[in-house]
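Asks: from the sequence below, what's the structure:
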Amino acid sequence: MNLKKYCLIAILALVTKFGVAQEGLPVYSDYLTDNYYLIHPSMAGVANCAKVRLTARQQWFGQDDAPSLQTLSINSRIGDSPSAIGGIVYNDKNGYHSQTGAYFTYAHHIMFSRNEIDLNMLSFGLSAGLIQYKLDETAFLDEGFDPIIAGIEQSATNFNVDFGFSYHLYDFYAHATIKNLLKNEGINFNEQGLSYDNLRTYLFSAGHVFGKYGSEWSYEPSIMFMYRDATEESSIDINAKVYKEMDFGKVWGGLSYRRSLDGAEFLDGSGVSSQKLQYITPFIGVDYNNFVFAYTYSYQANSVVFNNGGFHQITLGYNFGCKRERYECNCPAIN
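Replies: Numbers count the residues shown, from 1 in each chain. This is a model prediction of the structure:
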């Protein structure tokens, strides 16, 4: 078996599990580009500005049918009330499989502090969405007859919900979200041709921003843990981010390291080897007045990979309806 076949086996075993062609909005590292709402519905309307974010992600340039993702999100408080709303639309394509979805979010924010200077807030968020899955099998028949291949473009539309909460205390924050609470079969099958309907995923995030209030520099270490219920797979992100206040706004950047906690086996000559998925993701961004621009590059640091090219992502954003900074804290997601 040659190296190209090794790569194909490793990619099917690893990458498909973490972040491509999965059910619901894929979980990449784009949440680090001022976009936590993409993965945590409780972050809708948490900031002092309404936010619009547009992202485009492309993997493995030069490869036919390489994975790609586009998202558009908006979220805002409802006036001066503790309630907020948001919406996400996305298109995710990976080879013959694609999905298009739209979510609507309602969030509620409860203040525990006696005044607006001290940040002590608990938030809840619920997202409901429709997801259309497609699987184009029209080219599969070129490989010969297979009883489980229909040879047509299959599609299915499902309804699902995400629920989560966030807690902010001064410069500390924590989030927890359950994605895909309901059972959806979609059009996905395992290697025995049997459908599965448990798409539930658990996400936990926590972080702290260090730096004197009013200082030009601040530093934000954070982590994110992801667990898939049906397959019992898990991964962890370890992140470091730094901010620099400028006359025109803010410049920021950082580094993220994602590692699977489960190995995948593949054939290696006459034996069987295993490796764990590893992503190294540097990112950089700038806030210019009310505009946001960010670039993210992910590199898969494994010995057996499909392609040595990285995964590129651009984020464009706009903040509007901004109110004064209410809290005396280093809390860039809030102020």
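Asks: is it fair to say Pro332 lies in a strand?
Replies: No. Looking at Pro332 with DSSP: H, G, I helix; E, B strand; the rest coil, it is coil, so not inside a strand.
Asks: can you tell me the SS state at the nearest residue to it once chain neighbours are set aside?
Replies: Take Pro332 and drop its neighbours on the chain: the residue closest to it by C-beta to C-beta, 6 or more residues apart in numbering is Tyr243, 6.3 Å away. C-beta here means a position set from N, CA and C on the backbone, and glycine is covered the same way. Look at Tyr243: counting by three-state DSSP, its state is strand.
Asks: in this structure Tyr243 contacts Ser215, no?
Replies: No. With contacts counted by C-beta atoms under 8 Å, Tyr243 stays clear of Ser215, the gap being 9.6 Å.
Asks: so which of those two has more stuff around it?
Replies: Tyr243 (22 against 12; other C-beta atoms under 10 Å).
Asks: now do the contacts for that one.
Replies: Listed by C-beta atoms under 8 Å, 6 or more residues apart in numbering, the contact set of Tyr243 reads 211, 217-220, 250-252, 332.
Asks: let's see that with 10 Å instead.
Replies: Listed by C-beta atoms under 10 Å, 6 or more residues apart in numbering, the contact set of Tyr243 reads 209, 211, 215-220, 250-254, 285, 287, 330, 332.
Asks: try Tyr31
Replies: 37-40, 43, 175, 203, 205, 222, 224, 237, 239, 256.
Asks: ok, now with 8 Å
Replies: Applying C-beta under 8 Å, 6+ apart to Tyr31 gives the contacts 38-40, 205, 224.
Asks: same deal with Met224?
Replies: Contact analysis of Met224 by C-beta under 8 Å, 6+ apart lists 31, 203-205, 236-237, 239.
Asks: which strand residues bridge it?
Replies: For Met224, the beta-bridge assignment (DSSP bridges) gives partners Ser205, Asp237.
Asks: mind pulling the model confidence for it?
Replies: We have a pLDDT of 98 for Met224.
Asks: measure it to Ser234 for me?
Replies: Between Met224 and Ser234 the distance is 11 Å, computed by C-beta to C-beta, to the nearest Å.
Asks: now swap in His208 and tell me
Replies: His208 sits 23 Å away from Ser234, going by C-beta to C-beta.
Asks: look up the closest residue to Phe293, ignoring the ones flanking it.
Replies: Using C-beta to C-beta, 6+ apart, the closest residue to Phe293 is Val286 (5.5 Å).
Asks: secondary structure element holding the one you found?
Replies: Taking DSSP states H and E as the definition, Val286 sits inside strand 278-288.
Asks: could you measure from Asn198 over to Val161?
Replies: For Asn198, the distance to Val161 equals 14 Å [C-beta to C-beta].
Asks: again with Asn115
Replies: Taking C-beta to C-beta as the measure, Asn115 falls 35 Å from Val161.
Asks: neighbour count for the two, which is higher?
Replies: Set side by side, Asn115 and Val161 give different neighbour counts by other C-beta under 10 Å, the larger being at Val161 (15 against 8).
Asks: quick one: contacts for the more buried one?
Replies: Taking C-beta under 8 Å, 6+ apart as the test, what Val161 contacts is 126-129, 180-182.
Asks: look up phi and psi at it.
Replies: phi -140, psi 150 (degrees, to the nearest 10).
Asks: over to Cys329?
Replies: phi -160, psi 160.
Asks: which residues touch it?
Replies: 119, 170-171, 209, 213, 335.
Asks: my read: Pro221 touches His208, true?
Replies: Yes. Pro221 is within contact range of His208, at 6.6 Å (criterion: C-beta under 8 Å).
Asks: how near is the residue nearest to Phe293 to Ile238?
Replies: As judged by C-beta to C-beta, Val286 and Ile238 stand 24 Å apart.
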